[in-house]
Each structure stands twice: as C-alpha cells, then as structure tokens.
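J.: Dropping the sequence and predicted coords here.
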Amino acid sequence: MTGATRTATRRWWHFAAPALALTIGFFLIPFLLNVYFAFTDWTGFTAAIAPNGLDNFIGLAEAGILGNAIRVTVFYAVIAMILQNAVSLGLALLLQRTTAFNSWLRTLFFIPVLISPLAAGYIWGALLSPVGPLNQAIGLVVPGFDFAWLGSGGSALVSVAFIDVWKWSGLVTLVYIAGLNAIPPSLIEAAMIDGASAWQRFWRVKFRLLAPAFTFSVVVTFLGALNAFDIVQATTRGGPGAATTVLNIAMFRQYTGGFFGSASALSLVITILVVGIGIPLIAFLRRREVEA
C-alpha cells in the first residue's frame, strides 16, 4: 500500500467524525442512560436515585398499564399498517401513469405529509367531534346523528389510526408508484398476450415484482405506528379510558407525573418492541422478495 493510499484511507475518518459524534451524543448516550434509568427508582419527588431491578416493569404490569399499552400499540400499528398500504397501493395503481392530472392528484395527496402530526390531530379532532362537519354531513341523511367518533371505546382507536393513514398515505403512494414504474412493460404485455386478466396481471406480475417496495412500505408504516404519539395526544390523549393509550402516551403520563424511572422503562419497552418485531418482519419480507 503506497503512502498516498494510506493517507486517503485515514482521511475517511475526517468525514465520518461529525456524523459519529452526533450519533453518539444524541442517540447512543441517551439510549444507554435510558436503559440504566429504566432499572432505577428515579422520581421527581426525591434527589436520590438507586437501582431497583425490575420493580418499574412489575409495578407497571400490576397496575395494568404495561399490558394494555402494548396491546393497544400493536393493535393500532396493525390497523394503520394494513389500511395505509391498502389505500396507498390502490392510489398508486390509479395514479401510475404520469399525466398532468395525475401529477396534480399526487401533489394533492402528498400535502398531508407536510402537515405537522399535531396539527393534523387537532384538525381531525374538530372534524370528528359530535358537532363536527362529519356528523353534520351524516345528519343530512340521518337526522340527529351525533356519534362521538373519538369518545367511544369501540371507534376511537380505529378513528385515530385512520388519521394516521390520511397523514402518511401520500408518501407511501409515491413509493408504490416508483415500484410500479420500475416493472418492465414487456412483462405486462407478455401477460396480456397470454390472456391474463387485469386481476391476474396485478396479482401474478405486478404485486410479486413490487416486493421491495412492499417490504419498505410495510416496515416503515408498521414501525412508525408503533411509535405513535402526536396524533393520539392531539385527539384523544389516550382516552376514552385507556382505549387509545399507546406506549408513548403511557410513557408521557409517567414522565409528567414525575415517575421518570417508570417512563424510562416504558421507553425501553418501545425499543424492545420495535426491534423484536422489526427484525423478524424484515427478515420474513426479504425472504418473500427472493421467492417472488
């Protein structure tokens, strides 16, 4: 190896150092501190901080907070992921061709992505209120209709998941459009010549070749929904009761209540949940890419 080559090899550290410093300072160190505090009795009511083992997790489980928050979070993520990918794939199939009208529609559907999640939550909170525009529109057909979409335990979680779908579908739609446009037109033409129907062309050709886009979209939407907070906080604040109390909402309540150790424990649970579900999910979907 020449001196110039060795010098060039060493210089990559100069470019990587700022990114490494930011990663260590804003991710690694806070993560390690969070892991430590999750096993302590840190509260806002005393200056002493001492290790307490699994007491935070046991206390949260016995109070019914941990189990309910995990169930609600996973259920919410599944609903949001399914609806978001179904809606986005349908829009992508409709808007695949690049025309002036389709380009305008793509822009229109992408606008919610640019809106703050908190703002989106407040907007939809007003739209879905018992005296909001949605109930008023339904009231034109069903007089006196005043259903509390965000105030009923049976509909609140689905309604909040729908808001998440509205917020992010425009982005996922573009991913699917890119995937569809990457499919060689000759394959679609060959399927048409062989007599394949529109459904057969989609299911046996397009959907199989969309595997990379499908993997990305499913993973991003599912793991993103596991970290839900803004929209839920702006609309239901975890209610009614604990119907929409996802893990981040439960963590926020513990933190604002001064129970910092319990809040750290819930934050660690979120990390474990994301990693524990994300890695097997990615591995499964990547195997599907190979098989497709």
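T.: Received it, and whenever you're ready, just let me know what you need.
J.: Show me the residue at the heart of the protein, geometrically.
T.: In the chain, the centroid-proximal residue (C-alpha atoms, centre = their mean) is Gly224; its distance is 2.1 Å.
J.: Quick one: residues contacting it.
T.: Neighbouring residues of Gly224 by C-beta atoms under 8 Å, 6 or more residues apart in numbering: Trp168. C-beta here means a position set from N, CA and C on the backbone, and glycine is covered the same way.
J.: mind checking the SS state of it?
T.: helix (DSSP: H, G, I helix; E, B strand; the rest coil).
J.: For Phe57, see how far away it is.
T.: As defined by C-beta to C-beta, to the nearest Å, Gly224 lies at a distance of 25 Å from Phe57.
J.: Over to Asp146?
T.: 42 Å.
J.: neighbour-wise, which of these two wins?
T.: Neighbours were counted for Asp146 and for Phe57 using other C-beta atoms under 10 Å; Phe57 has more, 17 against 13.
J.: so what's that one closest to, chain neighbours aside?
T.: Ala265 (5.4 Å; C-beta to C-beta, 6 or more residues apart in numbering).
J.: Can you name the helix or strand that the one you found falls in?
T.: Here Ala265 is covered by helix 260-291, with elements defined by DSSP states H and E.
J.: which helices and strands does that helix pack with?
T.: helix 29-37, helix 55-62, helix 65-94, helix 211-226, helix 247-256 (3 or more C-beta pairs under 8 Å, 6 or more residues apart in numbering; DSSP states H and E).
J.: if you average pLDDT over it, what comes out?
T.: Mean per-residue pLDDT for helix 260-291: 92.
J.: can you check stretch 32-52 too?
T.: In the prediction, stretch 32-52 has an average pLDDT of 94.
J.: and what of stretch 103-120?
T.: Here stretch 103-120 scores 94 as its mean pLDDT.
J.: What residues sit buried inside it?
T.: 106, 109, 112, 117, 120 (16 or more other C-beta atoms under 10 Å).
J.: Could you do stretch 253-268 as well?
T.: 253-255, 259-268.
J.: contacting residues around that stretch?
T.: 34-35, 37-45, 49, 52, 56-57, 59-60, 65-66, 69, 238, 245, 247, 250-252.
J.: Select only the buried ones of the residues you listed in ChimeraX?
T.: Command for ChimeraX, covering only those of the contacts of stretch 253-268 found buried under the criterion 16+ other C-beta under 10 Å:
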select :37,38,39,40,41,42,43,56,57,59,60,65,66,69,238,245,247,250,251,252
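J.: Determine how far stretch 259-274 lies from the middle of the whole chain.
T.: Between the centre of stretch 259-274 and the centre of its chain there are 18 Å (C-alpha atoms, centre = their mean, to the nearest Å).
J.: repeat for stretch 204-217
T.: With C-alpha atoms, centre = their mean, you get 19 Å for stretch 204-217.
J.: Pull out the buried residues from it.
T.: Those would be 205-206, 209-217, for stretch 204-217 by 16+ other C-beta under 10 Å.
J.: Alright, that wraps it up for me.
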